[in-house]
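Trainee: Here's a sequence, model it:
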Amino acid sequence: MKSLRYLNKYLLKYKYRLLWGIVFTIISNIFQILPAQIVRHAFNLIKEGIGLHNLYEGLRQQELVYDLFSKSILVYGVVILLMALLRGVFLFFVRQTIIVMSRLIENDLKNEIYAHYQTLPLSFYRKNNTGDLMARISEDVSRVRMYVGPAIMYGINLVVLFLMVIPYMLAVNVKLTMYTLIPLPILAVSIYYVNNIIQRKSDEIQRSLSGITTFVQEAFSGIRVLKSFVREDDSHNNFTTASNTYRDKSLELNFVNSLFFPLVLFMVGLSTIITIYIGGQEVINGSITTGNIAEFIIYVNMLTWPVTSLGWTASLVQRAAASQERINEFLHTKTEIISRQNISKPIEGDIVFENVDFVYPDTNIHALRNVSFSIRHGETLAVIGNTGSGKSTIATLLPRMYDVTGGRILIDGIDVRDYDIRNLRSQIGYVPQDVFLFSDSIRNNIGFGLPSITEAQMEQAAKDADVYENIMRFPEQFETKLGERGITLSGGQKQRVSIARALVREPSILILDDSLSAVDTKTEDAILNSLRRIMENRTSIIISHRVSSVKLADRILVLDDGEIVQHGTHDVLIGQDGLYKVLYERQLQTEDLE
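Mentor: Numbers count the residues shown, from 1 in each chain. Next comes the predicted model:
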C-alpha cells in the first residue's frame, strides 16, 4: 500500500465526491437492510394471520381477518418495492460520485505521466523501450483506476454493510449469527486465490495478444521484405503458433472462470442451509421467530457479494500497488536538463565549443574528446567524418538534448545551460539524421515546426527544401495523408519534408544532421542552392559523411573517434594529407564508378 500513497493527493482533490459517495453508500444500504426487517414482520404476520384465520373458522369474522391480512401483506410488498427503487437511485449516485472520481483521477494521472515523459532527456528513452513506456500510461493507469474506483467503492460498501448488519444480527441471536457467517471468510479467501489465478492467466493472455499484435504489425509494415524473400509460409506458421498459444491460454482462463460462480453459489447455499438448520432449532427453543430465519437468509445473501468482492478487491489493490510502484519509478525519475538562470532572449548565433567532452550516460561511449571550435553569426560550418566519429553528438548537444560531460558550449557568449530550454530550442532548426514524420497530412507535418504557419510560408519552405514540385504532383497536394512514419513518401522526399519543417521556423541556428543522405547528387545540389539564400543571415551547421554536402561551408571540421583531426576550408584541407582528402578521393572514385 506504500506506493498507493502517491494517489492521496488526487483523493484529496476529489474529496467531496468521495465523501458524498460514502453518504450515498450508507443511505443505499439502509434501503437494502430495511426490506429484510419488513420481511421478518411479514413472516410473523403471516404466522399470526394463519392462526387467527383458523381460530375464526366457520365464523363471519374469518373473512374480515383475511381481508385485513391480505391488505397488510400488500402494503408490505409495496414498501419493499419502494425501498428497492430508492436503493437503486442511491446506488446510481454512488457510481456517479466514486466511479466518476476514479475516471477523473485516471485522466489526471495520465496527463501527469505524459507531461513528465516530455520533460525527460533522450538518455531516458534510450534506456526504456516504447512498449514499456506505453504500458505505464495505459495498462498500469487502468489498474490504478480499479483501485480508486471499484476497490474503494466495494470496500466502503463492505465496511458500511458489516457495521450496520452484524451488530443487529448479534443482538437478535449470537449463536445463529456465528454459524451463519462461518462460510463467508472461507468464501473470501477462496475468491482471493481463484481471482489471483484468473489475473495471472489474464496477464499471460494479454502478453500473448500483445505478441500477436506486434508480430502482425511488423509483418504488415515489412510486407515488401516478406514478399521479396518469399517468407509468407514461414510468417503464417509463426502466426499460427502464436495464435494457438493464445487459444490455449484463453481456454485455461475459461476453465478457471467456470469455477468462480459455482464456488460462490455453493458457499451461499451452505450458509442458507446452516441458517435454516440452526435457526429452526432456535425457533423450537423459542429464542427467535420464523421471521428471523427469513431475515437472516436475506442478510446472508446481502453479505455474500461484499464478502465475495473482498477477495476480488484485495487482488485489485495488490495489482494496483504493483502498477503504481512502476508508475512512481518513472515519475520519480528527474531530468538533469534544467535551466540554471532561465535566460530568454533572441539568439544571434555566435557559437563556441570550449574543451567539450561527452560520454553517453546509458552506454558510457566516449563520443567527444576535448572538442573546441567557434562559429560566428551568419557562418556555415560543416562537420564531416566517418560513422561513429561524433558528428551527430555535436548536433544533439547544441539544443541540450544532452548536457556536456566536460567543458561548455556558449551561444552569444552565454552557456547553453543558462538559457530557458524552450526559448533555446525554439530558435534552433534541427533536422535529425533519423527522419520522423507523423501519420498526418504533409501540411501538418511541415506546420509542426510553426503552428501559426501561413500558406505562403509553407510553400516557401517546401520550395527551399526542393520538395514543392513533388507535393504538387500528389492528387491532394499538401493535404496528402502520410502513412506510418511517412511511408507514403520516398526516403529523399521524407528528408526534404523534414528540412521544410525546420526551415519554416526561420531559425537563428540551422542544424542539418546528415539530412541529404537519401537524395541523389542532382537533388542535393538543388537543395543546397536553395539553402544558400537561407543560410546568409543565420548560423548553420551541416553534418555529413559526404564531402559533396559541405560545399556551402565557410569552414570544415573533420572528426575522427570524437576528436578534431582537421579544421579549415575545403581548399586548405584538400591540399593536406589527412582524413578529409581520403574521404574526398573515395567519393570521387564512387562517382566515377556510377
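Trainee: only C-alpha atoms for contact and neighbour calcs from this point on.
Mentor: Will do.
Trainee: remind me which residues of the stretch 351-500 of the chain are low pLDDT?
Mentor: 449, 483-488, 491 (pLDDT under 70).
Trainee: That one: strands as residue ranges?
Mentor: 351-359, 366-375, 380-385, 406-411, 414-415, 428-431 (DSSP state E, counting those that start in this stretch).
Trainee: Let's have these in CSV, adding distance to residue 227.
Mentor: CSV is the format used below for the strands of the stretch 351-500 of the chain (distance: least, Cα to Cα, whole Å):
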stretch, distance to residue 227
strand 351-359, 42
strand 366-375, 39
strand 380-385, 37
strand 406-411, 49
strand 414-415, 53
strand 428-431, 33
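Trainee: Can you pull the domain assignment for the chain?
Mentor: For the chain, automatic domain parsing gives the domain ranges 3-331, 338-427+517-594, 436-506.
Trainee: Would you mind putting these into TSV with mean neighbour count alongside?
Mentor: Listed next are the domains of the chain as TSV, based on neighbours: other Cα atoms under 10 Å:
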stretch	mean neighbour count
domain 3-331	17
domain 338-427+517-594	18
domain 436-506	19
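Trainee: Stretch 444-453: end-to-end distance?
Mentor: 10 Å (Cα to Cα, to the nearest Å).
Trainee: now stretch 124-140
Mentor: 19 Å.
Trainee: one step back: nearest approach to residue 338 belongs to which of the strands of the stretch 351-500 of the chain?
Mentor: With respect to residue 338, and counting by Cα to Cα, the nearest of those is strand 414-415 at 12.6 Å.
Trainee: what pLDDT does the residue nearest the centre of the chain get?
Mentor: The residue lying closest to the centre of the chain (Cα atoms, centre = their mean) is residue 137, at 1.9 Å. With respect to pLDDT, residue 137 has a value of 82.
Trainee: Would you verify that it is located in a helix?
Mentor: Yes: if the criterion is DSSP: H, G, I helix; E, B strand; the rest coil, then residue 137 is within a helix.
Trainee: Low-confidence regions, the stretch 1-150 of the chain specifically.
Mentor: Judged by pLDDT under 70, the stretches of the stretch 1-150 of the chain that qualify are 1, 47-69, 129-131.
Trainee: how about the helices in it?
Mentor: Counting by DSSP state H, counting those that start in this stretch, one finds helices in the stretch 1-150 of the chain at the ranges 8-13, 15-55, 61-94, 100-119, 122-127, 130-135, 141-146.
Trainee: for the second one, packing partners?
Mentor: Under the contact criterion of 3 or more Cα pairs under 8 Å, 6 or more residues apart in numbering; DSSP states H and E, helix 15-55 touches helix 61-94, helix 152-172, helix 290-331.
Trainee: same thing but at 10 Å, please
Mentor: helix 8-13, helix 61-94, helix 100-119, helix 152-172, helix 290-331 (3 or more Cα pairs under 10 Å, 6 or more residues apart in numbering; DSSP states H and E).
Trainee: angle of the fourth one against helix 15-55?
Mentor: The reference is to helix 152-172. Interaxial angle of helix 152-172 relative to helix 15-55 (axes from the mean of the first three to the mean of the last three Cα atoms, to 10 degrees): 40 degrees.
Trainee: Can you name the next helix or strand after helix 152-172?
Mentor: helix 174-181 (DSSP states H and E).
Trainee: now what about that following helix, what contacts it?
Mentor: Helix 174-181 is contacted from outside by 166-171, 268, 270-282, 288, 293, 296-297, 299-300, 303-304, using Cα atoms under 10 Å, 6 or more residues apart in numbering.
Trainee: ditto for stretch 260-274
Mentor: Contacts of stretch 260-274 (Cα under 10 Å, 6+ apart): 176, 179-188, 190-191, 194-195, 198, 275, 277, 279-280, 293-294, 296-298, 300-301, 303-305, 308.
Trainee: make it 8 Å
Mentor: With Cα atoms under 8 Å, 6 or more residues apart in numbering as the test, stretch 260-274 has contacts from 179-184, 187, 191, 194, 297, 300-301, 304, 308.
Trainee: Just the C-alpha atoms of that stretch, please, in PDB.
Mentor: Extracted in PDB, the C-alpha atoms of stretch 260-274 (Å, rounded to 0.1, in the frame of the first residue of the first chain):
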ATOM      1  CA  PHE A 260     -15.900 -18.900  -9.900                       C
ATOM      2  CA  PHE A 261     -19.800 -18.800  -9.800                       C
ATOM      3  CA  PRO A 262     -20.200 -22.400  -8.700                       C
ATOM      4  CA  LEU A 263     -17.900 -21.700  -5.700                       C
ATOM      5  CA  VAL A 264     -20.000 -18.600  -4.800                       C
ATOM      6  CA  LEU A 265     -23.300 -20.400  -5.100                       C
ATOM      7  CA  PHE A 266     -22.000 -23.400  -3.100                       C
ATOM      8  CA  MET A 267     -21.000 -21.100  -0.200                       C
ATOM      9  CA  VAL A 268     -24.300 -19.200  -0.300                       C
ATOM     10  CA  GLY A 269     -26.200 -22.500  -0.300                       C
ATOM     11  CA  LEU A 270     -24.200 -23.700   2.600                       C
ATOM     12  CA  SER A 271     -24.900 -20.500   4.600                       C
ATOM     13  CA  THR A 272     -28.600 -20.900   3.800                       C
ATOM     14  CA  ILE A 273     -28.700 -24.500   4.900                       C
ATOM     15  CA  ILE A 274     -26.900 -23.700   8.200                       C
END
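Trainee: OK, contacts around the residue nearest to the centre of the chain?
Mentor: 110, 113, 114.
Trainee: so which of the residues you listed would you say is closest to residue 425?
Mentor: Of all the contacts of residue 137, residue 425 sits closest to residue 114, with 19.9 Å by Cα to Cα.
Trainee: Now that closest one: closest residue in space, sequence neighbours ignored.
Mentor: residue 137 (7.4 Å; Cα to Cα, 6 or more residues apart in numbering).
Trainee: What is the distance between the longest helix along the chain and the centre of its chain?
Mentor: Counting residues, the longest helix in the chain under DSSP state H turns out to be helix 232-285. A distance of 31 Å separates the centroid of the chain from that of helix 232-285, by Cα atoms, centre = their mean, to the nearest Å.
Trainee: quick one: the spatially closest residue to residue 88 that is not a sequence neighbour from residue 84, how far?
Mentor: Using Cα to Cα, 6+ apart and skipping residues adjacent in sequence, the residue nearest residue 88 is residue 28, 7.5 Å away. From residue 28 across to residue 84, the span is 9 Å (Cα to Cα).
Trainee: next one: residue 192
Mentor: For residue 192 relative to residue 84 (Cα to Cα), the value is 30 Å.
Trainee: Test my guess that residue 351 contacts residue 376.
Mentor: Yes: if you go by Cα atoms under 8 Å, residue 351 and residue 376 touch, sitting 6.4 Å apart.
Trainee: What is the burial count for residue 336?
Mentor: Residues lying near residue 336 (other Cα atoms under 10 Å) number 11.
Trainee: The residue nearest to it when sequence neighbours are not counted and residue 325: what is the separation?
Mentor: Leaving aside its sequence neighbours, residue 336 sits nearest to residue 121 (Cα to Cα, 6+ apart; 7.6 Å). For residue 121, the distance to residue 325 equals 21 Å [Cα to Cα].
Trainee: Please tell me I have it right and residue 308 contacts residue 191.
Mentor: Yes: using Cα under 8 Å, residue 308 is in contact with residue 191, at 6.3 Å.
Trainee: quick one: the residue nearest to residue 88 and residue 95 touch, right?
Mentor: No: if you go by Cα under 8 Å, residue 28 and residue 95 don't touch, sitting 11.6 Å apart.
Trainee: mean confidence for stretch 535-555?
Mentor: Computed over stretch 535-555, the average pLDDT equals 77.
Trainee: distance between the ends of it?
Mentor: This stretch, stretch 535-555, spans 14 Å end to end (Cα to Cα).
Trainee: From the chain's centroid, how far away is it?
Mentor: 41 Å.
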